[in-house]
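[1] here you go, sequence then predicted model.
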Protein chains: 2
Amino acid sequence: RLAGSRPLQHGRGSALRDVANRLRVRALRARGNHPTSCCSAAEIAAVLFFQAMRYWARQPAHPSNDCFVLSKGHAAPLLYAAWAEASFLKEPELLNLRKINSDLEGHPTPRLPFVDVATGLLGQGLGVACGMAYSRQVLRQGQVSALGGRPSLGEAWPGCDPPPFLGLCGGLGRHGLSWLPAHPALTHQPPLPSQSWGENPGVLAPSSPSPSWGENPGVLAHFCSLPGGGSLPGVEDAENWHGKPMPKDKVESIIGAIQSQIQTHEVLVPQPPIEDVPQISIAGICMPSPSEYTTGDKVATRKAYGVALAKLGAASEHVVALDGDTKNSTFSELFKQAHPERYIECYIAEQNMVSVILGCAARDQAVVFASTFAAFFTRAFVHIRMGAISQSNLNLCGSHCGVSIGEDGPSQMALEDIAMFRAIPGCTVFYPSDAVSTERAVCLAANTKGICFIRTSRPETPVIYPPEETFEIGQAKVVHKSDADRVTVIGAGVTLHEALAAAHELAKQGTHIRVIDPFTIKPLDAATIVNSAQATGGRIITVEDHYTEGGIGEAVAGEPGMVLQSLAVCGVPQSGKPAELLDLFGISTKSIIAAVKNTFAS
Amino acid sequence: RLAGSRPLQHGRGSALRDVANRLRVRALRARGNHPTSCCSAAEIAAVLFFQAMRYWARQPAHPSNDCFVLSKGHAAPLLYAAWAEASFLKEPELLNLRKINSDLEGHPTPRLPFVDVATGLLGQGLGVACGMAYSRQVLRQGQVSALGGRPSLGEAWPGCDPPPFLGLCGGLGRHGLSWLPAHPALTHQPPLPSQSWGENPGVLAPSSPSPSWGENPGVLAHFCSLPGGGSLPGVEDAENWHGKPMPKDKVESIIGAIQSQIQTHEVLVPQPPIEDVPQISIAGICMPSPSEYTTGDKVATRKAYGVALAKLGAASEHVVALDGDTKNSTFSELFKQAHPERYIECYIAEQNMVSVILGCAARDQAVVFASTFAAFFTRAFVHIRMGAISQSNLNLCGSHCGVSIGEDGPSQMALEDIAMFRAIPGCTVFYPSDAVSTERAVCLAANTKGICFIRTSRPETPVIYPPEETFEIGQAKVVHKSDADRVTVIGAGVTLHEALAAAHELAKQGTHIRVIDPFTIKPLDAATIVNSAQATGGRIITVEDHYTEGGIGEAVAGEPGMVLQSLAVCGVPQSGKPAELLDLFGISTKSIIAAVKNTFAS
């Protein structure tokens, strides 16, 4: 008899126990790196996949299916074993685990149709599941389960508002079961009684999830923290087994011990979904009305973001907005005012906000936008990179970029956000410089696959484009030009306006420069930039409210045939008035004029 | 009578209440952006600064002083008001808040001697305070206080081991006081009884902190979450006051109402420290013995990191190491085995690990190294950037970089870490390519100001440098060279070895290339690179196990006079064997040979 196991009590109990042991055997056979993590959750997986969840096993991505998030992604072999038990994966395929030609990766990714969001970053799954539950709540159908370990709880604090209908299923064992009932996400539904869990967290009475699953869609989070609990003699809770495949000389005897526990070969068939839900369409969203700005109006791009988002929300009922307690600064409050039922407040927990938005966007259930200060998205870098691995379609708007925010000081100034988002594979980085282009960026982002980042600024700047101006991703605008131009200056956001002011000032002095608005920093419109450089003697100056590293200058530097001078913020900045800081950090009109003159001096 | 105020009960109660109101008046006069956040914590600040804490008010950075962390950095005017009350700041200086020539920034930074760690990122302070308590625990002296709001609790989950002696002082008001007692950081000391707080969280009975402060150093965390509670009529707990200065027409009447409550002008003098603690020296640490590697040995740089760190720990008792539950992968376990009393386990909460290390390093109390997978430092990007603003001396080691980790797949592969750390002001980015240079990197990092990042690799690679080889920051090594070289190839980590293999293979075919090991990516040895480029016809190839954006190629691209070809990982990678993945993503020997040949073809 294996340590910690105890009889299951109801209905299909012994068959479920056999399923759990078959999952263990498969996970051990595959010789993945985390055998104990797989084995400790085998009963939970058996109960979820073959009693609690409703899904079409042959169509894992069917929109009517209940969802499952394996927050502890390193237990991937258990997930693959469950889908083999459900007959979706073929048994021999499991032995291709982690091989280059197999989709059965070391941690689950959406290359597999039963994976909605890539995991492997611990702690992310609860937030993701909350987001998935939110999207499905609109559909009034389906359940979402998350299976994870201890890190989930801190990550997801302090939850979000409205809270998903959440059942938090105990099992933290030694690590504080009593903590669970007060988790703030537990608003609408009492947690499961902790008594329904045995003392060993790996062992679940199969009937226990059911009572808490109501008619509403919800999240059921399962936690298990005793590595190998209830399964592996001599390994349970021992140090140093996490992250190591079971040695060959041990694995067969352990498998034998587990197999000897299996009593039946009864095949359990998962229950189908209760009703058939059609896939919604989120493609081709257009703004319901043209831009209402007049050239010369002074509008902060952060405000234009809020205006555009509220309009977009009117165009499609599938647009959902999130914010991290900064809605009156990012202007996402305009969306909230117009569409309160589709706004999620995530408080000051940007990491959880990005997990929630990942879940919201899964299975193309919503067009999602999340906003906060651009500086604070750095708290969610790891979640954003997981979004790229998840092939997610997310739109993130970061306001208050650069020293131009002024008095709040360096902790609030995003100066590394372009570097961060450029390093996300497939990310589109919008850096609009006026209200009209911001509105276009929002609409383009809504219709663009992958992760989109929109960088907005705090200061009010003039509208420079007419309302009918069209924009495309990867297409820059030459906003100031003559045949006599001798230098090309690239600016974006506030520095585009500084560059324009420099152009006017220099023109009075008889020096002409070309000014380019890149619109997107990634992809960069290399053709327009290279052509302009060629037309201006190869001389290019970039000027940006961002650090040098990873910014616009470095993005441009990769292009051939030019001599580049990069004006960017160096060193940690400070409080002060925006104009003072642009001067102090060498990215103001004055600095651009000096740089242009210097270009000829050298 | 102001809403929510109630009489203080003991000793200096009425004088402390008057102090609190004077702090409010000063904070309102300064017209900062968060008047309610300042006012809600005025009593707590008064009690801490003028009853509980022991410090020399004229020497705020004195090593014997108790420490205070304002986790909610936006309440900066309250902090400045307290130091004015303590006569360190001059009253008129407070009116220079947020001005360009003042050190009184919008959020506190160590430009002020009473600020150890910059705050303004919410939720960070509890972890920082734990780290400070840890360093001071070695000294067996002093107390550390943190004052913050709700986000702190999730951030600091699941604490660290050994836990600091922590007293967590209630006052979450509506938001879950009952949650506090189970916080995992609360291991050694019971929390304060919640009854010692009034129903309004802004109001603190002045005697309440004292009972929980034992003889041991510790952390006392105070939380308050009712904006403006107990202070501002008509503003308390109203929406939309956070982040706005009080309107001029309102501020004077509110100040008047507060001033009318002040009964005495008694000046309270803070208590001095109990004993005088000398400042320790952490400068000039040398390795106790030479490197013990032989050229040609195969050693993973991640392992060399652990070996070096354990040696460094023997050289100085002030070396402290942290890890995020990956110690047997990063090899920080070698340090733990040698110096268990100076190892802190931070579990899977990299964000908190960096907060804790920030605290450990404060006031030069320790030489600190934290390690985890490089990919997971992206969870702490915001904390690392706060470290730069804090002028902190931190050493972070990220292992398992790039696709060369193999089977674990993309979630575990750091491919954006160079971009992230390059964008940290003043950061030194080491990327050692063998065991000897890794050992040098560890020793150089220990003696280098600012944030240092050491990028280590999973695969075993040959030792290429003799044990006596010297290394300097910003000094590259030309590791393969002849007079006939026609291309310069820059590689680092595994790709340096691929480049060397390419050089040998190409030499057989009669083509000679120069190979450079940059050692540090930031600062970059531009002189060596430019000279090599000139010697090889301007042709440079960079090859890196990192994404293109923000990586070695972009760092090099900024240098003039060369034609650069960048080989880097494009797109989200996958599981597979390391060698297969280097080939698949075009950064292997084969790819380098093809790129060299292509250079001549074009």
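    Received it, and whenever you're ready, just let me know what you need.

[2] centre of the chain to the longest helix along chain A, how far?
    Longest helix of chain A, by residue count under DSSP state H: helix A:13-29. How far helix A:13-29 lies from its chain's middle: 33 Å, per C-alpha atoms, centre = their mean, to the nearest Å.

[3] for it, buried residues please.
    By 16 or more other C-beta atoms under 10 Å in any protein chain shown, the buried positions in helix A:13-29 come out as A:13, A:15-29. For glycine as for every other residue, the C-beta is placed from the backbone atoms N, C-alpha and C.

[4] for those residues, which one is nearest chain B?
    Set against chain B, the nearest of the buried residues of helix A:13-29 by C-beta to the nearest C-beta is A:Ala27 (15.3 Å).

[5] picking up where we left off before, is the longest helix of chain A positioned near chain B?
    No - residues of helix A:13-29 contacting chain B under C-beta under 8 Å from any C-beta of the partner chain: none, with a closest distance of 15.3 Å.

[6] what residues does that helix touch?
    Identification of contacts with helix A:13-29 by C-beta atoms under 8 Å, 6 or more residues apart in numbering or on different chains yields A:5, A:7-8, A:35, A:38-39, A:42-43, A:45-47, A:49-51, A:75, A:77-78, A:80-82, A:84-85, A:91, A:94-95, A:206, A:231, A:246, A:251, A:254-255, A:258-259, A:261-266, A:268.

[7] ok, A:Phe68 to A:Ile592 distance?
    Distance, A:Phe68 to A:Ile592, using C-beta to C-beta, to the nearest Å: 54 Å.

[8] hmm, I was thinking of A:Ile464
    Distance, A:Ile464 to A:Ile592, by C-beta to C-beta: 17 Å.

[9] neighbour count winner among those two?
    A direct count of neighbours by other C-beta atoms under 10 Å in any protein chain shown for A:Ile464 and A:Ile592 places A:Ile592 higher, at 28 against 22.

[10] which secondary structure elements does the top strand by length along chain A sit against?
    In chain A, taking DSSP state E as the definition, the longest strand is strand A:539-547. Applying 3 or more C-beta pairs under 8 Å, 6 or more residues apart in numbering or on different chains; DSSP states H and E, we find strand A:539-547 packed against helix A:417-422, strand A:487-491, helix A:494-508, helix A:526-535, helix A:552-557, strand A:563-569, helix A:589-601.

[11] need these in CSV (columns: mean pLDDT).
    Formatted as CSV, those follow (pLDDT from 0 to 100):
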stretch, mean pLDDT
helix A:417-422, 98
strand A:487-491, 98
helix A:494-508, 98
helix A:526-535, 96
helix A:552-557, 96
strand A:563-569, 96
helix A:589-601, 93
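
[12] would JSON lines of these with distance to chain B be doable?
    Below are the helices and strands packed on strand A:539-547 laid out as JSON lines (distance: least, C-beta to the nearest C-beta, whole Å):
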{"stretch": "helix A:417-422", "distance to chain B": "4"}
{"stretch": "strand A:487-491", "distance to chain B": "15"}
{"stretch": "helix A:494-508", "distance to chain B": "17"}
{"stretch": "helix A:526-535", "distance to chain B": "13"}
{"stretch": "helix A:552-557", "distance to chain B": "4"}
{"stretch": "strand A:563-569", "distance to chain B": "7"}
{"stretch": "helix A:589-601", "distance to chain B": "13"}
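
[13] quick check: closest non-adjacent residue to A:Ile592.
    Of all residues not flanking A:Ile592 in the chain, A:Ala502 sits nearest, at 3.9 Å (C-beta to C-beta, 6 or more residues apart in numbering or on different chains).

[14] check contacts around that neighbour.
    Counted by C-beta under 8 Å, 6+ apart, A:Ala502 has contacts A:489, A:513, A:589, A:592-593, A:596.

[15] tell me which element A:Ala304 is part of?
    In the assignment (DSSP states H and E), A:Ala304 maps to helix A:301-315.

[16] for the very next helix or strand once past that helix, packing partners?
    Moving toward the C-terminus from helix A:301-315, the next helix or strand (DSSP H and E) is strand A:319-323. In terms of contacts (3+ C-beta pairs under 8 Å, 6+ apart), strand A:319-323 is packed against helix A:301-315, helix A:333-338, strand A:343-345, helix A:350-361, strand A:367-373.

[17] tell me which of these sits most buried.
    Among the helices and strands packed on strand A:319-323, helix A:350-361 has the highest mean neighbour count (mean count of other C-beta atoms under 10 Å in any protein chain shown), at a mean of 31.

[18] give me the angle between that helix and helix B:350-361.
    Interaxial angle, helix A:350-361 versus helix B:350-361 (axes from the mean of the first three to the mean of the last three C-alpha atoms, to 10 degrees): 170 degrees.

[19] gap between helix A:350-361 and the chain center?
    Relative to the centre of its chain, helix A:350-361 is centred 6 Å away, using C-alpha atoms, centre = their mean.

[20] and the helices in the stretch 1-150 of chain A?
    Assigned by DSSP state H, counting those that start in this stretch, the stretch 1-150 of chain A shows helices spanning A:13-29, A:35-40, A:42-47, A:76-85, A:125-139.

[21] just put those in JSON lines and tack on mean pLDDT.
    Output for the helices of the stretch 1-150 of chain A, formatted as JSON lines (pLDDT from 0 to 100):
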{"stretch": "helix A:13-29", "mean pLDDT": "91"}
{"stretch": "helix A:35-40", "mean pLDDT": "86"}
{"stretch": "helix A:42-47", "mean pLDDT": "85"}
{"stretch": "helix A:76-85", "mean pLDDT": "97"}
{"stretch": "helix A:125-139", "mean pLDDT": "77"}
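
[22] compare these and give me the one nearest A:Thr495.
    Checking the helices of the stretch 1-150 of chain A against A:Thr495 by C-beta to C-beta gives helix A:125-139 as the closest, at 35.2 Å.

[23] what packs against the closest one?
    By 3+ C-beta pairs under 8 Å, 6+ apart, helix A:125-139 packs against strand A:67-70, strand A:144-148, helix A:151-156, strand A:219-223, helix A:350-361.

[24] can I get the CA coordinates of it in CSV?
    Extracted C-alpha coordinates of helix A:125-139, given in CSV (Å, rounded to 0.1, in the frame of the first residue of the first chain):
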residue,chain,number,x,y,z
GLY,A,125,-2.4,30.0,-13.3
LEU,A,126,-4.9,31.3,-10.8
GLY,A,127,-5.0,34.8,-12.4
VAL,A,128,-5.2,33.2,-15.9
ALA,A,129,-8.1,31.0,-14.7
CYS,A,130,-9.9,34.0,-13.3
GLY,A,131,-9.6,35.8,-16.7
MET,A,132,-10.9,32.7,-18.5
ALA,A,133,-13.8,32.5,-16.1
TYR,A,134,-14.5,36.2,-16.7
SER,A,135,-14.7,35.7,-20.5
ARG,A,136,-16.8,32.7,-20.1
GLN,A,137,-19.1,34.4,-17.6
VAL,A,138,-20.3,36.5,-20.5
LEU,A,139,-21.3,33.2,-22.1
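
[25] buried residues, that helix. List them.
    The neighbour-count check on helix A:125-139 (16+ other C-beta under 10 Å) flags A:125-138 as buried.

[26] also stretch A:284-302?
    Residues of stretch A:284-302 classed as buried by neighbour count (16+ other C-beta under 10 Å): A:285, A:287, A:291, A:293, A:299-302.
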